[in-house]
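Colleague: Got a predicted model here, sequence first, then my questions.
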Amino acid sequence: MSTFPVELRGVSTRFGKQWIHRGIDLAVPAGEVVALVGGSGSGKTTLLRQMVGLLHPAEGEVKVFGERLDAGSRHEQLARRRRFGMLFQHGALFSAFTVFANIAFPLREFGVRDEGLLRDLVLLKMAMVELEPDVALRMPAELSGGMVKRVALARALALEPELLVLDEPTAGLDPDLSSAFVELIRSLHRALGLTVILVTHDLDTLAALATRVAVLSAGRILAFGTLDEVTNVRDPFIDRFFHGARSQAALARGLGAG
């Protein structure tokens, strides 16, 4: 078994004539919480989507659990995809489905047909993200922003993944809800032994959650390491991103929360 749940080798990304990434190499160690950060347009979410097969690089390869996502038979590909879950930035819940149906969707897709078992699994996932059972019958339009995030997280965890991929997990949440959601992710990471990869622009979230940070700039990985290691790299982008007064205050808050 690979000790790197996600590996990028020489990944280059192009939209039209514009190159977003050029020759990115990154190996995410098992059990870590890795934050991808970078300026607007640096391709953070694009890279995240390539890791789960929603986009494909122009050059290079992406491996998940030591294999390309498209390697092997359809059965082997589906088995590989069961091993990761993704939380999209705005939840991406199915608006016409109840909370129950949203969380049950991946379970049904992967073959759970027994309605009693399905009910038990959905309620278990809801409990894991601290949602009461009566929420199951609500529609997404009836949920607060924080509850949408929790439902989406329950759906991402439905198949008991080893790898959890999060796109801006605290975007749109007020500070109290953001802190509570960060603590939930942190507790799930510890309890389930997850590897977590997240994109975030929020330095409070980064400092509270990340065990390693990958900095994207000018189409490449500028630095990868612990927060201390990354912030000690002498580079104009890192200086602007991490060392301003507001950035330092946010990092201090996040580290205090962690």
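Modeller: Cool, got the structure. Everything quoted here is computed from the prediction, not taken from an experiment. Numbers count the residues shown, from 1 in each chain.

Colleague: Spell out the residue ranges of the strands in this structure.
Modeller: For the chain, applying DSSP state E gives strands covering 6-15, 18-28, 33-38, 59-64, 67-68, 84-87, 163-167, 195-199, 212-217, 220-225.

Colleague: Quick one: closest of the ones you listed to F110.
Modeller: F110 lies closest to strand 84-87 among these, at 11.6 Å (C-beta to C-beta). Placement of C-beta: from N, CA and C, glycine included.

Colleague: average model confidence for that closest one?
Modeller: Strand 84-87 comes out with an average pLDDT of 94.

Colleague: got it, and stretch 70-81?
Modeller: Here stretch 70-81 scores 88 as its mean pLDDT.

Colleague: same check, this time on stretch 167-181
Modeller: For stretch 167-181, mean pLDDT rounds to 91.

Colleague: Show me where the stretch 151-258 of the chain has its helices.
Modeller: Using DSSP state H, counting those that start in this stretch, the helices found in the stretch 151-258 of the chain span residues 175-192, 203-209, 227-231, 236-242, 245-257.

Colleague: Other residues contacting the longest one?
Modeller: This means helix 175-192. Residues outside helix 175-192 that contact it (C-beta atoms under 8 Å, 6 or more residues apart in numbering): 33, 128-130, 145-146, 149-150, 153, 157, 160, 164, 166, 169-170, 173, 194, 196, 202, 204-205, 208-209, 257-258.

Colleague: Reformat the strands of the chain as TSV; add distance to D120.
Modeller: Listed next are the strands of the chain as TSV, based on distance: least, C-beta to C-beta, whole Å:
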stretch	distance to D120
strand 6-15	31
strand 18-28	32
strand 33-38	29
strand 59-64	29
strand 67-68	32
strand 84-87	19
strand 163-167	22
strand 195-199	26
strand 212-217	36
strand 220-225	41
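
Colleague: Same list, the ones you listed, but as JSON lines with mean neighbour count and distance to D235 please.
Modeller: As requested, the strands of the chain are exported to JSON lines (neighbours: other C-beta atoms under 10 Å; distance: least, C-beta to C-beta, whole Å):
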{"stretch": "strand 6-15", "mean neighbour count": "18", "distance to D235": "21"}
{"stretch": "strand 18-28", "mean neighbour count": "18", "distance to D235": "17"}
{"stretch": "strand 33-38", "mean neighbour count": "23", "distance to D235": "12"}
{"stretch": "strand 59-64", "mean neighbour count": "18", "distance to D235": "23"}
{"stretch": "strand 67-68", "mean neighbour count": "14", "distance to D235": "32"}
{"stretch": "strand 84-87", "mean neighbour count": "22", "distance to D235": "30"}
{"stretch": "strand 163-167", "mean neighbour count": "22", "distance to D235": "25"}
{"stretch": "strand 195-199", "mean neighbour count": "25", "distance to D235": "20"}
{"stretch": "strand 212-217", "mean neighbour count": "22", "distance to D235": "8"}
{"stretch": "strand 220-225", "mean neighbour count": "17", "distance to D235": "6"}
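
Colleague: which of the contacts of helix 175-192 are buried?
Modeller: Buried subset of the contacts of helix 175-192 (neighbour count, 16 or more other C-beta atoms under 10 Å): 33, 128-129, 146, 149-150, 153, 157, 164, 166, 169-170, 173, 194, 196, 202, 204-205, 208-209, 257.

Colleague: worst average pLDDT in the helices of the stretch 151-258 of the chain?
Modeller: Lowest mean pLDDT within the helices of the stretch 151-258 of the chain: helix 245-257, at a mean of 73.

Colleague: That one packs against which elements?
Modeller: In terms of contacts (3 or more C-beta pairs under 8 Å, 6 or more residues apart in numbering; DSSP states H and E), helix 245-257 is packed against helix 175-192, helix 203-209, helix 236-242.
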